[in-house]
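1. this one's sequence-less:
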């Protein structure tokens, strides 16, 4: 915000008996000298930091043909209309041009109501902090996301003595995160550029605090959840061998934890320390193409005291994350991301390879109309604890129309289907359709 001083209006005393021409001349000189003085002072003063508030509100209505992600059992094929209200309040801070610091704060609550099954309704509070610092040759970014979901404190019952069923593919993660839980994610990235080398440091924390009640109900399949966390840090030493081309070698050390069961039950957990050695590559062979990622072995050492008898305390697995962006034309682009890493399960005493690949084709038809098509694959490949391997596929198309600069309409359709790949784990498959309309207002 810039506050400018304004000179008081020039007045002539009624008692002063001076020629009018002399008064005008002196007044004119006074105004010009005042204007010049203010200009010099304004140029000499550093620019004040700028605070820019942001506000938006989104309302959507969608139809979900399979709310509980179940094709059999007591919760099978429950359909519902779902209403979501998502206001967003934000504040961006940008200092003077000479200040390398940038800061953004955001509060984005979500209120979602399932009209045919109120137990799935929830209120979600999301706080975001983004911090950026860039003063060549040093740059750093930090992001903090704190998310509390105020949902049902009870886990779902997937099967009863009268109606057998099974937990859906991937353990029904969407159903899990509608329930009461807290999630924390805080990645940090810092880089110092040399010529032609660079040094990079990374640190990341993720915490899943599932706050549903633990229950044992004989004859019922009640879903109990386990808390988990993943913390790691490390660094890269890289080399820039051409404009837009760089490669690095890096190391990460991390720790993963998994909550123990209550006293009297088996104390198994898959907490572990891990070491990752990664090769990093980021290239842009053409202005319209960018590729990047890291890949390497991940060596996991589990706590032998917390493993089932006879279990191997070590595991070596492939880790990777990759991204790509392709500009197919002035108005068309493709983006893709993929990753694979080990995680302890929240749905049982186990751990699994968490695999995901997503691709999005986006096109702007006119200045006001844009559309996209997204395809997503998620896979949980359990490596110990449970003999399961599940896949979930999602295909979604979306249209957005800017009715006015402050008003955007959206419509989308998605089809999701799941498969259980391990023999003898049938009944975990499901499919569903989602169709929705939304309105976003930005004053």
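-> Looks like it arrived, so ask away. Computed from a prediction, not measured in an experiment: that's the story for all the values here.
2. okay, CA-based contacts and neighbour counts for the rest of this
-> Will do.
3. Does the residue nearest the centre of the chain lie in a helix or a strand, and which?
-> In the chain, the C-alpha nearest the mean C-alpha coordinate belongs to residue 145, at 7.9 Å (CA atoms, centre = their mean). Using DSSP states H and E, residue 145 sits in strand 138-150.
4. That strand packs against which elements?
-> Contacts defined by 3 or more CA pairs under 8 Å, 6 or more residues apart in numbering; DSSP states H and E place strand 138-150 against strand 122-135, strand 181-193.
5. what angle sits between the first one and strand 181-193?
-> Put plainly, it is strand 122-135. Calculated by axes from the mean of the first three to the mean of the last three CA atoms, to 10 degrees, strand 122-135 forms an angle of 10 degrees with strand 181-193.
6. quick one: buried residues of strand 122-135?
-> For strand 122-135, burial by neighbour count (16 or more other CA atoms under 10 Å) applies to 122-124, 126-133.
7. For these, could you give me TSV that also reports distance to residue 214 and pLDDT?
-> Shown next, in TSV, are these (distance: CA to CA, whole Å; pLDDT from 0 to 100):
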residue	distance to residue 214	pLDDT
122	20	98
123	22	98
124	22	98
126	25	98
127	28	98
128	30	98
129	33	98
130	35	97
131	38	96
132	41	95
133	44	94
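8. Point out where the stretch 1-150 of the chain drops to low pLDDT.
-> For the stretch 1-150 of the chain, the stretches with pLDDT under 70 are 1-49.
9. re earlier: using JSON lines, please lay out the helices and strands packed on strand 138-150 together with distance to residue 354.
-> Putting those into JSON lines (distance: least, CA to CA, whole Å) gives the following:
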{"stretch": "strand 122-135", "distance to residue 354": "24"}
{"stretch": "strand 181-193", "distance to residue 354": "17"}
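10. Of all those, which one is nearest residue 230?
-> Set against residue 230 and scored by CA to CA, the helices and strands packed on strand 138-150 come closest in strand 181-193, at 9.7 Å.
11. Off-centre distance for that closest one?
-> Centroid separation for strand 181-193 versus its chain: 11 Å, with CA atoms, centre = their mean, to the nearest Å.
12. check contacts around residue 354.
-> 339-343, 378-381 (CA atoms under 8 Å, 6 or more residues apart in numbering).
13. do that again at 7 Å, thanks
-> 340-343, 379-381 (CA atoms under 7 Å, 6 or more residues apart in numbering).
14. What ranges does the stretch 301-443 of the chain have for its helices?
-> Assigned helices in the stretch 301-443 of the chain: none (criterion: DSSP state H, counting those that start in this stretch).
15. how about the strands of it, start to end?
-> 314-327, 332-344, 351-364, 369-384, 389-404, 407-420, 431-441 (DSSP state E, counting those that start in this stretch).
16. Taking strand 407-420 as reference, get the angle to the fifth one.
-> When you say that, I think you mean strand 389-404. Using the same axes, to 10 degrees: strand 389-404 against strand 407-420 is 170 degrees.
17. Give me the residues contacting strand 389-404.
-> By CA under 7 Å, 6+ apart, the list of residues contacting strand 389-404 from outside reads 169-170, 368-382, 408-422.
18. Confirm for me that residue 249 is in contact with residue 235.
-> No. Using CA atoms under 7 Å as the test, residue 249 is too far from residue 235 to be in contact (8.6 Å).
19. So for those two, which sits in the more crowded spot?
-> For the pair residue 249 and residue 235, the greater number of neighbours falls to residue 235 (20 against 17), based on other CA atoms under 10 Å.
20. Counting neighbours, what do you get for the nearest residue to the more buried one once chain neighbours are set aside?
-> With sequence-adjacent residues excluded and distances taken as CA to CA, 6 or more residues apart in numbering, residue 235 is closest to residue 201, at 4.3 Å. Residue 201: 18 surrounding residues under other CA under 10 Å.
21. going on from the helix or strand encompassing residue 201, what's the next piece of helix or strand?
-> Residue 201 belongs to strand 197-210 when elements are defined using DSSP H and E. Per DSSP H and E, the first helix or strand lying C-terminal to strand 197-210 is strand 221-222.
22. What strands line up against that next one, and which way round?
-> Note on strand 221-222: by DSSP bridges, its sheet partners are strand 157-159 (antiparallel).
23. So residue 112 lies in a strand, does it not?
-> Yes. Looking at residue 112 with DSSP: H, G, I helix; E, B strand; the rest coil, it is inside a strand.
24. isn't it right next to residue 124, touching?
-> No. Contact criterion CA under 7 Å: residue 112 and residue 124 do not qualify, at 8.3 Å.
25. okay, now residue 215: neighbour count?
-> Residue 215 has 11 neighbours, counted by other CA under 10 Å.
26. before we move on, what about residue 241?
-> With other CA under 10 Å as criterion, residue 241 counts 12.
27. again with residue 379
-> Applying other CA under 10 Å, I find that residue 379 has 22 neighbouring residues.
28. And it, what's its pLDDT?
-> As predicted, residue 379 sits at a pLDDT of 97.
29. OK, contacts around it?
-> Contacts of residue 379 by CA under 7 Å, 6+ apart are 354-356, 390-392.
30. switch the cut-off to 6 Å
-> For residue 379, the contact set (CA atoms under 6 Å, 6 or more residues apart in numbering) comprises 355, 390-391.
31. Quickly list what it is bridged to.
-> Here residue 379 shows beta-bridge partners residue 355, residue 391, assigned using DSSP bridges.
32. same deal with residue 332?
-> For residue 332, the beta-bridge partners are residue 363 (DSSP bridges).
33. Next, give phi and psi for the nearest residue to residue 161 once chain neighbours are set aside.
-> Spatial nearest neighbour of residue 161, chain neighbours left out: residue 219 (5.5 Å); criterion: CA to CA, 6+ apart. Phi and psi for residue 219, reported as degrees, to the nearest 10, are phi 90, psi -10.
34. separation between residue 219 and residue 426?
-> As for residue 219, its distance to residue 426 is 19 Å (criterion: CA to CA, to the nearest Å).
35. ok, back up a step: out of the strands of the stretch 301-443 of the chain, which comes closest to residue 62?
-> Nearest to residue 62, of these and by CA to CA, is strand 431-441 at 3.8 Å.
36. Which elements pack onto that closest one?
-> When contacts are defined as 3 or more CA pairs under 6 Å, 6 or more residues apart in numbering; DSSP states H and E, strand 431-441 packs onto strand 50-64, strand 407-420.
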